[in-house]
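Visitor: here is my input; please provide its structure:
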Amino acid sequence: MPLLEIKNLTKKYNADTLALSDVNLTINEGEFVSVIGPSGAGKSTLLRCINRMIEASSGYILFDGVNVSTLSKNELRNLRTKIGMIFQHYNLVDRLSVIENILHGRLGYKNTFEGIFGIYNEEEKKSAFKIIEILGLKEQVYKRCDQLSGGQKQRVGIGRALIQKPRLMLCDEPIASLDPNASKIIMDHLRNISSKMGITCLVNLHQVNVALKYSDRIIGINSSKVVFDGAPSEMTSDIVYSIYGSEAEELDIDIGGRNAS
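Guide: Okay, the predicted model is just below:
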């Protein structure tokens, strides 16, 4: 059974704004899937509908066989412990340390008292330190997050998601604010999370070349609809144009050694 099934998903923000139109997708366990498309195509809305940060207008989403749209508030809270979320602008608590921000990923498992007073057990603390080491943040463990670089902050965001022990990671433009070197570090970590830990990754990207390099599969969205769903090897210049329209001419994309423009 697929980990994630999206059926006839539609999201209207108002009568004039259609963000997603009849989207149908199936994502399997352990896949690394990139979602590409121009700004405003509906990529971020898609990710936020999956964990119900945004409510869909129609259609449904099955996660591990469970219809996400029918869950109560408590059931949704439990479901979200299995779905990690990584944001473009990190969403960290800047005044707190690296270790404290990462441990925040366990809040979904806590009762109100434990959450307010930040009570974590030894196993959770050991897990946090292990993740910090994996992500190359050992030297920053007690640093406040407002003292970190953008790439380091995003690694903290990854750590916060990982400590949830998720089955799915939703990554919304995780490298959009980063320089090329920091971007490579983040994408390498995400790829390793998928290939070595078996965690499914669904990643929104503006950078088509990055999607071509790292993905098992690429989904192209244009004007709220899926216009491509296939392997990187299936990507052609015509497909890039179908996703980006006239913007494709401004993109420097290397497809099989040929520039898409």
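
Visitor: ok, which stretches of the stretch 51-200 of the chain are helices?
Guide: All helices of the stretch 51-200 of the chain, identified by DSSP state H, counting those that start in this stretch, fall at 73-80, 98-103, 112-117, 122-134, 150-162, 180-197.

Visitor: quick one: M1 and F63 touch, right?
Guide: No - counting by CB atoms under 8 Å, M1 stays clear of F63, with 11.0 Å between them. Any C-beta I mention is one placed from the backbone N, CA and C, and that applies to glycine too.

Visitor: so those two - more neighbours on which side?
Guide: Ranked by neighbour count (other CB atoms under 10 Å), M1 and F63 place F63 first, with 21 against 9.

Visitor: I218: which element?
Guide: strand 217-222 (DSSP states H and E).

Visitor: dump that strand to PDB, keeping only the CA atoms.
Guide: What follows is strand 217-222, C-alpha atoms only, in PDB (Å, rounded to 0.1, in the frame of the first residue of the first chain):
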ATOM      1  CA  ARG A 217      10.900  11.100  -9.200                       C
ATOM      2  CA  ILE A 218       9.800  14.600 -10.200                       C
ATOM      3  CA  ILE A 219       6.300  16.100 -10.200                       C
ATOM      4  CA  GLY A 220       5.800  19.200 -12.200                       C
ATOM      5  CA  ILE A 221       2.900  21.600 -11.400                       C
ATOM      6  CA  ASN A 222       1.700  24.500 -13.500                       C
END
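
Visitor: could you check how far it is from the centre of its chain?
Guide: Mean-position distance between strand 217-222 and its chain equals 14 Å (CA atoms, centre = their mean, to the nearest Å).

Visitor: mind giving me the packing neighbours of it?
Guide: Strand 217-222 sits against strand 32-36, strand 225-230, helix 237-244, with contacts defined as 3 or more CB pairs under 8 Å, 6 or more residues apart in numbering; DSSP states H and E.

Visitor: per-residue pLDDT, the spatially most central residue of the chain?
Guide: The geometric centre of the chain, computed from its C-alpha atoms, lies nearest to C171 (CA atoms, centre = their mean), at 1.5 Å. As summarised for this prediction, C171 has a pLDDT of 98.

Visitor: check G257 too.
Guide: For G257, the model assigns a pLDDT of 45.
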